[in-house]
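J.: this is a predicted model, with the sequence first.
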Amino acid sequence: MEIYPRLHWLSGGGNAYLAQDDDGFILVDTGMPGRIDIASYLAQLGHPPTAITHILVTHADIDHVGNLAAIQRQSGATVYASPASAELLIRGESPSHGNRLMKWIIDHFMRFESVAPEHIHVIGDGERLPILDGVQVIAAPGHTADQIVFFCKARGILFAGDALFTRNGLASSGKFLSADYEEGRRTALKLLPLSPAIFACGHGEPLQTHTDTDIMAFFNSLRDA
Ligand SMILES: [Zn+2]
């Protein structure tokens, strides 16, 4: 559904976003395999899959890249990912979360269809992409080491992946889910001062009803933790 001007939210095991740009749609993450039908959603809006011009990947967890190979094939769009995510996408493997049980589950049950290297464009921290009025790439390690997030300052949107969660208010990636919890906390402290109008995270309903006071309270709780 359209949750913000020219921003659509799709949910299935994880969130995916379609942001409308001047000449097409930017897809951010893709959800669990088979749980989100991005092509059907676009068809309802009257667009073919080829209307997707770029696919941005926050990190290579299966609930973010589960439909990536399929929608890349349907759209022909280039995939934008961090160097570490790109390596994982090519192998069809999810990143480590530190926890050994989690790693075992991921390695045995959470493999996804890989993406050929020629479809991937590697991006890094501080880069500004010529889409969505100059979306900025920000390194966001902690939840996983490969994670990046995307900040669209002109529109006030932070595509935060799993650097921040909005399931029950705003939170950083929990200890069990984080490859490096302390690094994740530092990442959250780095992202909060961006003060976006909408937190478009990987899980939970996108947050846009927050106040500056809410953000400051959360910032202080993280800083003092
Ligand atoms: Zn994740």
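T.: Arrived safely.
J.: so which bits of the protein are right by the ion?
T.: Applying C-beta under 5 Å from the ion, we find that the chain lies next to the ion at 61, 162. Where C-beta positions appear, they are placed from N, C-alpha and C, glycine not excepted.
J.: so which bits of the lengthiest helix in the chain are buried?
T.: Longest helix in the chain by number of residues, with DSSP state H as the criterion: helix 212-224. Neighbour counts using 16 or more other C-beta atoms under 10 Å place 215, 218, 219, 222 of helix 212-224 among the buried residues.
J.: thought the last one was touching residue 185?
T.: Yes. Counting by C-beta atoms under 8 Å, residue 222 does reach residue 185; the two are 5.6 Å apart.
J.: need the residues touching each of those two.
T.: When C-beta atoms under 8 Å, 6 or more residues apart in numbering defines a contact, the residues bordering residue 222 and residue 185 alike are residue 172.
J.: pull the number of nearby residues for the residue nearest to residue 90 when sequence neighbours are not counted.
T.: Nearest non-adjacent residue to residue 90, counting by C-beta to C-beta, 6 or more residues apart in numbering: residue 117, 5.4 Å away. Around residue 117 there are 12 other residues, counting by other C-beta atoms under 10 Å.
J.: residue 83 versus residue 117, what's the distance?
T.: Noted for residue 117: a distance of 12 Å to residue 83, by C-beta to C-beta, to the nearest Å.
J.: same question, residue 41
T.: From residue 41 over to residue 83 the distance is 30 Å, taken as C-beta to C-beta.
J.: those two: which has the busier surroundings?
T.: Taking other C-beta under 10 Å, residue 41 and residue 83 do not tie; residue 41 has more neighbours (15 against 12).
J.: beta partners for residue 129?
T.: In this entry, residue 129 is beta-bridged to residue 135, by DSSP bridges.
J.: what about it, neighbour count?
T.: So residue 129, with other C-beta under 10 Å, has 17 neighbours.
J.: list the buried residues for the lowest-mean-pLDDT helix or strand in the chain?
T.: Scoring the helices and strands of the chain by mean pLDDT, DSSP states H and E places helix 100-109 at the bottom, with a mean of 79. The neighbour-count check on helix 100-109 (16+ other C-beta under 10 Å) flags 102, 106 as buried.
J.: run the chain-centre distance for that helix.
T.: For helix 100-109, the separation from the chain centroid amounts to 21 Å (computed by C-alpha atoms, centre = their mean, to the nearest Å).
J.: for stretch 47-54, same thing?
T.: 18 Å.
J.: quick one: buried residues of it?
T.: By neighbour count with 16+ other C-beta under 10 Å, stretch 47-54 contains the buried residues 47, 49, 51, 52, 53, 54.
J.: and residue 205, how far from the ion?
T.: Between residue 205 and the ion the distance, using C-beta to the ion, to the nearest Å, works out to 17 Å.
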